[in-house]
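S.K.: Next one to model:
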Amino acid sequence: MLTDYHNHLERGTLALDYLKQFTDAASINGIQHFGISEHAYHFYQTSDILRNKWVDERRFYDMADYVRLFEEAWRNEIDVKMSIEMDYTPGRHAELGHFIRSYDFDYVIGSIHWIGDFGIDLAEYRKEWDKRDVKEVYRKYFDQVVTLAQSNLFDIIGHIDLVKIFNYVPEEESFLLEQYERATTALAQSKTCVEISTAGLRKPTQTLYPDKRLLQMCFDKKIPIVLSSDAHVPEHVGADFDQALELAKEVGYKEVMTFSKGERKAAPLG
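M.R.: Sure thing, here's the model as predicted:
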């Protein structure tokens, strides 16, 4: 079984023809469980959750159109899961929960892209890294991983160590492992799965998410996994899954989690 649960239509349109380019790519690549998880900040209905200038300029979708797209796909017997990728926003658990419960998602991804007003993975903010203490950024980032897990709002945490995207990594390994340890302890006590994402191979880090040491802790604490490409164009669907599978099996995983209308089920990996 192969999954690809983290994918975006934002570079195209909310149209069946464009969606079908993604699902066709999934079929060609042997992916049996495929989902679209558009960024929630694009939707007017999330304006009470995350607000800043960068986000507000990119809020242009309506959830009614998104839902209609999937309903049209299902009427046409296109096998695609309906999901959303939400920016985990501390202090907005009630609003996050209300939004999630308002739609019949197959699963929900929670990701961390912001530390306060600092967009950690955005090119526009890259110079900010040189002005900040890397250990402090990591501490605050993993603080959010912990509270994301404790919220138990999400089925999957997206690219759990996205914070390494621009290769700013604390030199002190013991500090890094401490962050991994507290993150995985919290995740193990939640319903949240971890994705192995190949997107990092297409970013400056040129590594998979998560780091092998972090994934090993996930396995040791029995945290389930899914596979994802975080494709923003059809050509990236299922990209480099050979490397994701190799990493998963190296640390001991034999199963992958699948989702349908919020129900989860384990299936043999690969």
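S.K.: mind listing the helices for the stretch 101-250 of the chain?
M.R.: For the stretch 101-250 of the chain, applying DSSP state H, counting those that start in this stretch gives helices covering 134-151, 173-188, 212-220, 241-251.
S.K.: Need the ones you listed in a markdown table (columns: distance to residue 166, mean neighbour count and mean pLDDT).
M.R.: Yep, even glycine has a C-beta here, placed from its N, CA and C like the rest. Converted to a markdown table, the helices of the stretch 101-250 of the chain look like this (distance: least, C-beta to C-beta, whole Å; neighbours: other C-beta atoms under 10 Å; pLDDT from 0 to 100):
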| stretch | distance to residue 166 | mean neighbour count | mean pLDDT |
| --- | --- | --- | --- |
| helix 134-151 | 10 | 19 | 98 |
| helix 173-188 | 16 | 17 | 98 |
| helix 212-220 | 18 | 18 | 98 |
| helix 241-251 | 21 | 17 | 98 |
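S.K.: so where's the protein uncertain?
M.R.: For the chain, applying pLDDT under 70 flags no range at all.
S.K.: just the strands in it please.
M.R.: Using DSSP state E, the strands of the chain run over 3-4, 33-39, 81-87, 107-111, 114-115, 118-119, 156-157, 193-197, 225-228, 255-260, 263-268.
S.K.: Just name the most buried of those strands.
M.R.: Ranked by mean neighbour count under mean count of other C-beta atoms under 10 Å, the strands of the chain are led by strand 3-4, which reaches a mean of 30.
S.K.: That strand pairs with which strands, parallel or anti?
M.R.: Strand 3-4 pairs in its sheet with strand 33-39 (parallel), by DSSP bridges.
S.K.: show me what contacts residue 198?
M.R.: Each residue near residue 198 by C-beta atoms under 8 Å, 6 or more residues apart in numbering is listed here: 208, 228-230, 239-241, 243-244.
S.K.: try 7 Å
M.R.: 208, 229, 239-241, 243-244 (C-beta atoms under 7 Å, 6 or more residues apart in numbering).
S.K.: thinking residue 59 is in contact with residue 49, fair?
M.R.: No - look at residue 59 against residue 49 with C-beta atoms under 7 Å: they stay out of range, at 10.8 Å.
S.K.: Find the centremost residue of the protein, please.
M.R.: residue 158 (2.3 Å; C-alpha atoms, centre = their mean).
S.K.: how near is the residue nearest to that residue when sequence neighbours are not counted to residue 245?
M.R.: The shortest distance from residue 158 to any non-neighbouring residue, by C-beta to C-beta, 6 or more residues apart in numbering, is to residue 111 (3.5 Å). Separation of residue 111 from residue 245 (C-beta to C-beta, to the nearest Å): 22 Å.
S.K.: and if you look at residue 107?
M.R.: From residue 107 over to residue 245 the distance is 20 Å, taken as C-beta to C-beta.
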